[in-house]
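K.L.:
Whatever this is, show me its structure:
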Amino acid sequence: MQKPLTFTRRLSTVLKGTVLAIAASAIMVPSVSAQERDSFKIAWSIYAGWIPWKYIDESGIMKKWADKYGIEVEIVQINDYIESINQYTAGEFDGVVATSMDALSIPSAGGVDTTALIVGDYSNGNDGLVMKGSSDLMSLKGQQVNLVELSVSHYLLARALDTVGLSERDVTVVNTGDADIVAAFNTPGVSNVVTWNPLLDDVAAVPGANRVFDSSQIPGHIKDLTIVNTETLAANPNLGKALVGAWFELMAEMATDSEAGQEARAFLGEASGTDQAGYEAQLAGMKMFWEAADAVSFISSEEAVEAMDSVRQFSFEKGLLGDGAASADFVGISFPGGTTLGDTSNIRLRFDTTYMQMAADDAL
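P.N.:
Purely as a prediction, here's the structure:
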């Protein structure tokens, strides 16, 4: 089996200066023209939960749904995850894939009103903390932990430390690029790492390694989204219908062992640099929302609100909401049913289930 590619969706906020510059220049970010249009561009980058957009594009599913609503949707792969979000924030794309933390800390904190159109999955074991020679989280006190700083790995470490009454002040975080983290863990000087799959499985296989905490213990905190510009969506509801319809058509296929489902998973495995079994192993570490109704139910839950509250607090503490943010309330976040977090006069991230509900009701 080919070794899987290092998926880039976790490299969110490594360059803190880049993120802060975006947030600080919110007034300079051009708004996507909120007018009725018939042509749109969506950017995606490689990760198990987002690579389905490649199949949706190349299989003709996207064209089928776009044709249904009389529009054109160009699906564009961007190899640099952060750059794809930066380009969306600058108005060069109508939508992009992003984690919930990055949707908040980059476009939303930068002043771009953004809607989480599709809640595709959340990490359910694909991110984890591995310790060498110990399985006791308390023993981390005074030790170094290697991870991609200011990424979701950093967030997972904070949550892991919380469970045993420790904080980040009790450890030393060593910023380590994802390309180097497996090799680092194989050296005598590195005993603790936080990373994501497929790297997580690699470090966990090192002799003496113990997987002591993973994202299955914080369900819903690391969400993978397809986000779109709110103004563009409001002016062009057919965009939302076509994207959601195409996504959940594929999800319905992928969830089965039918010939179509196996063909899709095999295609996505090869596109990911692995094979069908390798791709399915990636999916096993995620809570996939194969049906739109399940995505709606999750994002409408108190659990989802509480998870996002934790994410926004971490983002503020790390300065990811920008120098102008006096508190975690700086950016308002709305949820189904009228629930909000933060400044209700500055709602910039919206978990709107309108279109997913339409898919659940077979009304697209």
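K.L.:
CA atoms for contacts and neighbours, from now on please.
P.N.:
OK.
K.L.:
mind listing what residue 362 touches?
P.N.:
Contact analysis of residue 362 by C-alpha atoms under 8 Å, 6 or more residues apart in numbering lists nothing.
K.L.:
Surely it forms part of a helix?
P.N.:
No. Counting by DSSP: H, G, I helix; E, B strand; the rest coil, residue 362 falls outside a helix, being coil.
K.L.:
how far is the longest helix along the chain from where the chain is centred?
P.N.:
With DSSP state H applied, the helix covering the greatest number of residues in the chain is identified as helix 237-254. The chain centroid and the centroid of helix 237-254 are separated by 18 Å under C-alpha atoms, centre = their mean, to the nearest Å.
K.L.:
Can you give me the buried ones in it?
P.N.:
238-251, 253-254 (16 or more other C-alpha atoms under 10 Å).
K.L.:
in the very next helix or strand once past it, what's buried?
P.N.:
Of the helices and strands lying after helix 237-254 in sequence (DSSP states H and E), the nearest is helix 259-271. With burial defined by 16+ other C-alpha under 10 Å, the residues of helix 259-271 counted as buried are 261, 262, 264, 265, 266, 267, 268, 269, 271.
K.L.:
can you put those in JSON lines and add distance to residue 283?
P.N.:
Below are the buried residues of helix 259-271 laid out as JSON lines (distance: C-alpha to C-alpha, whole Å):
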{"residue": "261", "distance to residue 283": "13"}
{"residue": "262", "distance to residue 283": "13"}
{"residue": "264", "distance to residue 283": "13"}
{"residue": "265", "distance to residue 283": "10"}
{"residue": "266", "distance to residue 283": "13"}
{"residue": "267", "distance to residue 283": "14"}
{"residue": "268", "distance to residue 283": "11"}
{"residue": "269", "distance to residue 283": "11"}
{"residue": "271", "distance to residue 283": "14"}
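K.L.:
In the stretch 1-150 of the chain, where is pLDDT below threshold?
P.N.:
By pLDDT under 70, the weakly predicted segments of the stretch 1-150 of the chain are 1-34.
K.L.:
Which residue ranges of it form helices?
P.N.:
All helices of the stretch 1-150 of the chain, identified by DSSP state H, counting those that start in this stretch, fall at 16-24, 52-58, 61-68, 81-89, 100-103.
K.L.:
Leaving out chain neighbours, which residue sits closest to the residue nearest to the spatial centre of the chain?
P.N.:
The chain has residue 99 as the residue nearest its centroid, 2.1 Å off, counting by C-alpha atoms, centre = their mean. Computed as C-alpha to C-alpha, 6 or more residues apart in numbering, the closest residue to residue 99 that is not its neighbour in sequence is residue 224, at 4.6 Å.
K.L.:
now swap in residue 115 and tell me
P.N.:
Residue 115 sits nearest to residue 350 (C-alpha to C-alpha, 6+ apart), 4.6 Å away.
K.L.:
Got the phi and psi for that neighbour?
P.N.:
Dihedral pair for residue 350: phi -120, psi 120, per degrees, to the nearest 10.
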